[in-house]
Structures are given as C-alpha cells and as structure tokens.
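# Predicted model and sequence below, questions to follow.
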Number of protein chains: 2
Amino acid sequence: MLEKAPRIAVDAMGGDIGPRVNVPAAVQAAREGINITLVGDEEILRGELARIDGADALPIDIRHASQVVEMEEKPSDALRRKKDSSIQVACQLVKEGLADGVVSAGNSGASVACGMFVLGRIKGVERPALASIMPTEKEPIVLLDVGANVDSKPFHLAQFGLMGDVLARDVLGVDKPRVGLLSIGEEEGKGNSTVKEAFDLLKQTKLNFVGNVEGRDIFTGDLDVAVCDGFVGNICLKLSEGLARSFGRVLKRELKRHMLSRMGAALSMRSLKNFAQMMDYAEYGGAPLLGLKSILIVCHGASNIKAVTNATRMAATFVERKAHEHLAAKLAAHSELGQFSRHKAS
Amino acid sequence: MLEKAPRIAVDAMGGDIGPRVNVPAAVQAAREGINITLVGDEEILRGELARIDGADALPIDIRHASQVVEMEEKPSDALRRKKDSSIQVACQLVKEGLADGVVSAGNSGASVACGMFVLGRIKGVERPALASIMPTEKEPIVLLDVGANVDSKPFHLAQFGLMGDVLARDVLGVDKPRVGLLSIGEEEGKGNSTVKEAFDLLKQTKLNFVGNVEGRDIFTGDLDVAVCDGFVGNICLKLSEGLARSFGRVLKRELKRHMLSRMGAALSMRSLKNFAQMMDYAEYGGAPLLGLKSILIVCHGASNIKAVTNATRMAATFVERKAHEHLAAKLAAHSELGQFSRHKAS
C-alpha cells in the first residue's frame, strides 16, 4: 500500500484552452484529496489559482516550466528542443520520484513521445498503447490502441490485450474482462494477416479472450476490452465522436423544426439530457498511455474542466491500485509470446 | 443510350429471409419499369408471385436455379461446388447478356467471389471494392472498400478513389466529388505506410482529392467519397450501424423512463422519426461491388423489402448511366498509377 495519497503532475499549459481549464480541474481533484503539482508558467498559474476561492489551502504545488509545446508542433522537435516544456518537466518529475503520474491535454504526439522517452517503457514493451475508455449501452469499454502506433505487429496487439485487461480490472473494476480482437468477422481466420496471427497469440494467453469481434460489438456493452492497431482505433474513436455529434445535431434540428416537437422536446428534455450523457466522452477524461513505467493520461485538446478532473482522478486510481505493477507482472508472465511471434516472423 | 429498360437479375433465394423479401422487392421495382429476372427455385418463386396482386402483368421472368448458397458457407466452396446456385446463375445471366446487373442479399463472400470470377474484372483492376453509401448530416457519402479486400496495396486504394468518384457522379449525381483518404491526421504524411503511399498516388490523379480525412469527417456531409482498406472500412461500417442502433435503444429507453417524457415523446414523434431515417441504411439498399465488367449490388443479409427494392433501383441507375463504362475509361486513363506503384515497390 502507498503511504500517502498519490501526487499527479498536471501539464497546466496543455490543451486548446490551457490553464483556464487545467487549473480549476486540478483544484477540483485536490479538493478530493489528490496531491497536485501544476507544471507551467508560475506567474500565470499563481494568477489562475488566486481566482479560485480556497485554492491556497489545498495540496497543490507549482513547478515552473518556461516552455510550452504548441498543438501543431512536431513531437520529435518538441522533445528535443523544448526540454523545459510543461509536458516534459511533468514527466521528469515522475521520473525523479517527485510525482506518481502525469495528466496532459496538450499536443498528443508530444505527450506520447515524452512518455516513452522520459518516463520509459516497462521491460518487454515495444509499443505503449493509448487506451480510450468509451461509453456503451451498459458499462464502458476499453478500446486500444487508439493512435500511439500504426503498422502494429501481432505481438504488439497481443500485448495491447494484456494491458487492456489490467486497465479494465484496476481502473474500471471489471472482474474477468472479456477481451476481443477487432476484426471483420467473428470466426477464427477472419481479418487481415496481422489480426490472424494476433488471434493465435491471444489464444495462448490466460486472458478471458472471446475471439474476434466486429465494429457492431463495441457499443452493446457485452465486451470489456477491444484490441486493434492504432490506425484502426484512432479512426474508430473519431468516427464515433463524429457520429455522436452528428446525431445530436440532427436530433436538435429535427426537434426544432415543428412547433409541436418543440413542446415535446421541452417535455422530454430530461431524457434527452440523459441520452446526451451517453455520448459524453468527458465522463472518462482521457486516454491512458499503457506500457510505461508510470502512468500518463492523454486528454483531448478540447477537454473541458470535467474531462481534466476525471483524467486526474483516473491517474490517481491507477497509481493507488498499483496498476503499473500489475501491468509489468502480466507482461512478464507472457514474455514467451514475443519469442513465439519473432520466431514465427523470421 | 440503351434501347430498352435495364434488366436486373435478382438472387431471389439470398438473405436471411429469402423469397419472402426478395420477390415483393423485385415486384416493386418492376412496377417502376425495371425488367426483372428472379433467379431461384421456380416453384417457390411462382408461389410468392401469385401472392401479389397484379404481379403477372409485370415485366418479371423467372430463371430456375436448383441450389442455394447458405449464409455460413465458405465462398470458395460455394463457387466451386454450387454451379447452379441462385447467385451464380444470376451472374451467369449477365455474363451471357441476358441481364444487365445483379442484386443479392445472400452470403456476401459468395456474391463477391461470383462477381469476380463469373462477371469478371475490368481490365487493370486487381481488387474490386465494395462501396457503401452511407447517410450523413447532409448528402450521402461513398465509403469504400467496406470488406471485399484486406491488406490492400497503395495502388488498390488509389483505384478505390477513382471508382468511388464514378459512383458518386453517376449514381449520386455529385458534380465534382470530394475524395478523401481515411487516415489519422489531416496533414500529408500522417497514417500508416500504405496510406502514405496511396496519398502520393491519389495526388497524381485528376480527382478532386482533398487529402487525408479523419473518422470525424465521415458524417458531417462535407465529403463525397472516403477511401480505405476493406478491413478498416468494414469495421467503420459495422461500428456506425452498431452505434446508431445503440443510440436508438438508449433514446427510446430514456424517453420511456418518465411519464413526462412519454408525453413529450409522443409530441415529438415526427421529429424522432425523421431522426431515425438518418440512420436507416435501407435507404440506400446495398453496397455495389465496383471494378467488375457489370454491376453487382451486395445487400445486407437482414435486408428488408425496401432495402432490396432500393438496391434494384440502384443497379438499374448504374446500368442506365453506363457507370461501368465510365469506370473502365477512368481506370484506363490512370493506368500509369499501377506502373508507378509496382515500380516503387520492386
């Protein structure tokens, strides 16, 4: 057990809005007992904190960082040239043992790069994976990878399954996560060449592997983890967000069209609000980057306060439950998968 | 110009329900002036036709076929062992000049296999593509490939773009279709290795190529054609269908929950119906398999009468507009893409 509450380093400058979102989000998390280190321009951060009643009594530190990675900046450039950027300093704090996890709504590519090269990978992990926790009709599902990798090998997909399983257990509290491999038919042998090989590897694990699943199985709630390459996962994630938004807009437009419907809409507003919540990705805050020695949560650039608060809570949960230790143990227990995969490929 | 109205061969035995759906659908299309050949068990088909008032006066022939491909049958087996299956006979009719196009709601894999090996490919086409026409907030979009191929090469993706352009022009009536390449970032250079190379090829075409697009761009209506590998496209298609259904179920559940909302729901029923129509894939009927010497439309196994009727209309439109001739001409005009691609790969 940890001696004390976890400390989360928040990249306070990251995101489309920046401190105006990250600081209130961190304050909310601090009110719930999470220790916070805000990383960024000290003067700006002090100013933001001063605007919030009672913030000075909370367990919040500030660590100055003189640089900010812009949203459009190339990740490799940002990593090399901006050693004092808020995201890199936040990762450095964890590496030095001064914090336990990082949350950032900044440039996703730069966050992933800092995570990999500053925090470092767990032994045996070639490719860390971004895991998105998405709403379904019932309980949420973990979809990974959603964009840290393209052109994944079968062995990488198998590791994503192992890591997704730990996330579903430790963070979502699922007992025996049902892990599926995203493909284009349920039968074994369906899919592209990478997926077919990954299927064989996943069958050898001790996961509750349910085999291939299809796009239509993601949102029913009958699955806990869906495994795919980051190219596919990123498209799926953005497609879902886009479709949800389109539905929302069409529904609103339709309801406004007729006077009768407008009355109806007013009456059914509460239900529609609940419906809208199903599509609210802010509910889960951000995507953990799994496979690192500590936890880094990558939030959407357009994140609101609720999203960053939830991401910070998720980081704290991850640390408290020692999920990264479970990850390392699970990956070590399946290290033979890599040998099998590489042997077969050669 | 065609001398006479097109004749469409309908695989009357195909689909989860079979003749009970396909025959009324074909009758509806025949009422609109499309010549129909129903292919399947003659006795069953005569029985179905007799149940429909006035069907005997319509331009409907029956062509007996003694076999049926089951939904779970392996396509290659079906092609080899069931030479007298309804789908294979339907394709044979087109090959012999006795029909102009085929519609089937049967086993998709078997339909694709019959299309490729009986109808034959247009010169220069290595991989025919299944094109799904999907609803968006505005006009429909063509997404292809949605499952005829996995592990597509860059050259295949470029050809999908050319074929999607012709479909959008001839069948959807779009003047200068905006063609996008589905990837994980809008900037050139984003994506997996196949997509990066396909980008270069698409830039060399005379298409209205708008570059990379993301999952969130599919449903806004600001794009006419989205190009991807069949593995990605099939997952996107099924994910969209699944998400639409989940939204529908959640919305209905929420609206039923409260008495107040029930009243509201009744009042706003018309708007909700219009909303539901946005998700109604039956509106577009089926997915044309592009790149063949004639047209084959592959319908969902669970298609209803409306879907098969619409697919039959689409096949007739395709034939009337001579879309396969435009396809062949467009592909021939871009034959150098294949040389470039193969040269580079070697």
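Happy to help now that I have it. Bear in mind that the values here come from a model prediction, so they are computed numbers and not experimental data.

# in chain A, what spans have low per-residue confidence?
Across chain A, the ranges flagged by pLDDT under 70 are A:1-3, A:258-283, A:340-346.

# Please, where are all the strands along it?
With DSSP state E as the criterion, chain A has strands at A:7-11, A:35-40, A:60-64, A:101-104, A:129-134, A:141-144, A:178-182, A:208-213, A:225-227, A:286-290, A:295-299.

# Now do the shortest one: everything it contacts.
Residues outside strand A:225-227 that contact it (Cβ atoms under 8 Å, 6 or more residues apart in numbering or on different chains) are A:141-144, A:157, A:160-161, A:164-165, A:167-168, A:177-182, A:198, A:202, A:213, A:217-218. (Glycine included, C-beta is placed from N, CA and C.)

# quick one: that strand to chain centroid distance?
Mean-position distance between strand A:225-227 and its chain equals 13 Å (Cα atoms, centre = their mean, to the nearest Å).

# buried ones in that strand?
Residues of strand A:225-227 classed as buried by neighbour count (16 or more other Cβ atoms under 10 Å in any protein chain shown): A:225, A:226, A:227.

# Distance check, the closest residue to residue A:225 other than its chain neighbours against residue B:136.
Leaving out its chain neighbours, the residue that sits closest to residue A:225 by Cβ to Cβ, 6 or more residues apart in numbering or on different chains is residue A:164, at 3.8 Å. Distance of residue A:164 to residue B:136, given as Cβ to Cβ, to the nearest Å: 31 Å.

# So between the two, which is more surrounded?
When residue A:164 and residue B:136 are compared for neighbours, residue A:164 comes out ahead with 26 against 20, by other Cβ atoms under 10 Å in any protein chain shown.

# Contact residues of the stretch 51-200 of chain A facing chain B?
A:136, A:137, A:147, A:150, A:151, A:182, A:183, A:184, A:191, A:192, A:193, A:195 (Cβ under 8 Å from any Cβ of the partner chain).

# Once you drop chain neighbours, what's closest to residue A:203?
Nearest non-adjacent residue to residue A:203, counting by Cβ to Cβ, 6+ apart: residue A:209, 6.2 Å away.

# Bridging across strands, which residues link to that neighbour?
Applying DSSP bridges to residue A:209 gives these bridge partners: residue A:179.

# That one and residue A:161 touch, don't they?
Yes. Between residue A:209 and residue A:161 there is a contact under Cβ atoms under 8 Å: 7.0 Å.

# Touching both of those two, which residues are there?
Common contacts of residue A:209 and residue A:161 (Cβ under 8 Å, 6+ apart): A:179, A:181, A:202.

# Kindly reformat those as a markdown table containing neighbour count.
Shown next, in a markdown table, are the shared contacts of residue A:209 and residue A:161 (neighbours: other Cβ atoms under 10 Å in any protein chain shown):
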| residue | neighbour count |
| --- | --- |
| A:179 | 25 |
| A:181 | 27 |
| A:202 | 25 |
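
# Can you spell out the domain ranges of chain A, please?
A:1-125+A:291-321, A:131-282 (automatic domain parsing).

# More neighbours: which of residue A:209 and residue A:161?
Legend: neighbour count by other Cβ under 10 Å for residue A:209 and residue A:161, higher for residue A:161 (26 against 22).

# show me what contacts the more buried one?
The contact partners of residue A:161, by Cβ under 8 Å, 6+ apart, come to A:179, A:181, A:202, A:205, A:207, A:209, A:225, A:227.

# same thing but at 6 Å, please
By Cβ atoms under 6 Å, 6 or more residues apart in numbering or on different chains, the residues touching residue A:161 are A:179, A:202, A:207, A:227.

# contacting residues around the spatially most central residue of chain A?
Centroid-nearest residue in chain A, with Cα atoms, centre = their mean: residue A:287, separated by 0.8 Å. Counting by Cβ under 6 Å, 6+ apart, residue A:287 touches A:130, A:131, A:132, A:146, A:298.

# ok, and the most crowded of those?
The most neighbours of any of the contacts of residue A:287, using other Cβ under 10 Å, belong to residue A:298, which has 31 neighbours.

# By proximity to chain B, which residue of the stretch 1-150 of chain A wins?
The nearest approach of the stretch 1-150 of chain A to chain B comes at residue A:150, 4.0 Å away (Cβ to the nearest Cβ).

# Could you find the closest non-adjacent residue to that residue?
Excluding the flanking residues, the one nearest residue A:150 by Cβ to Cβ, 6+ apart is residue B:192, at 4.0 Å.

# That neighbour reaches residue A:229, doesn't it?
No. Between residue B:192 and residue A:229 there is no contact under Cβ atoms under 6 Å: 7.9 Å.

# more neighbours, the two?
More neighbours surround residue A:229 than the other of residue B:192 and residue A:229, with 30 against 20 (other Cβ under 10 Å).

# any idea how far the more buried one lies from residue B:235?
11 Å.

# Over to residue A:20?
37 Å.

# again with residue A:337
Using Cβ to Cβ, we find residue A:337 at a distance of 24 Å from residue B:235.

# which of these two has more neighbours?
residue B:235 (29 against 23).

# give me every residue that touches that one.
residue A:215.

# Report the spatially closest residue to residue A:137, excluding sequence-adjacent ones.
residue A:221 is the one closest to residue A:137 (Cβ to Cβ, 6+ apart), at 4.5 Å.

# Check residue A:41 too.
Leaving aside its chain neighbours, residue A:41 sits nearest to residue A:13 (6.6 Å; criterion: Cβ to Cβ, 6+ apart).

# what's the distance between the closest residue to residue A:131 other than its chain neighbours and residue B:135?
Computed as Cβ to Cβ, 6+ apart, the closest residue to residue A:131 that is not its neighbour in sequence is residue A:144, at 3.9 Å. Residue A:144 sits 29 Å away from residue B:135 when distances are taken as Cβ to Cβ.

# Could you figure out how far the longest helix along chain A is turned away from strand B:208-213?
Longest helix of chain A, by residue count under DSSP state H: helix A:230-257. Between helix A:230-257 and strand B:208-213, the angle comes out at 110 degrees (axes from the mean of the first three to the mean of the last three Cα atoms, to 10 degrees).

# Residue A:138: how many residues sit nearby?
Other residues near residue A:138 number 12, with proximity taken as other Cβ under 10 Å.

# go on, the one 5 residues further on?
Per other Cβ under 10 Å, the neighbour tally for residue A:143 reads 27.

# and if you look at residue A:335?
Residues near residue A:335, counting by other Cβ under 10 Å, number 10.

# correct me, but it touches residue A:123?
No. The pair residue A:335 and residue A:123 fails to qualify as a contact (Cβ under 6 Å) at a distance of 8.8 Å.

# Ramachandran coordinates for the residue nearest to residue A:137?
phi 90, psi 10 (degrees, to the nearest 10).

# wait, it sits on residue A:135?
No. Counting by Cβ under 6 Å, residue A:221 stays clear of residue A:135, with 9.2 Å between them.

# between those two, which one's more packed in?
Regarding residue A:221 and residue A:135, a neighbour count based on other Cβ under 10 Å identifies residue A:135 as having more, with 21 against 15.

# ok, the spatially closest residue to residue A:212 that is not a sequence neighbour - contacts?
Closest residue to residue A:212 apart from its sequence neighbours, by Cβ to Cβ, 6+ apart: residue A:183 at 4.1 Å. Each residue near residue A:183 by Cβ under 6 Å, 6+ apart is listed here: A:190, A:191, A:195, A:212.
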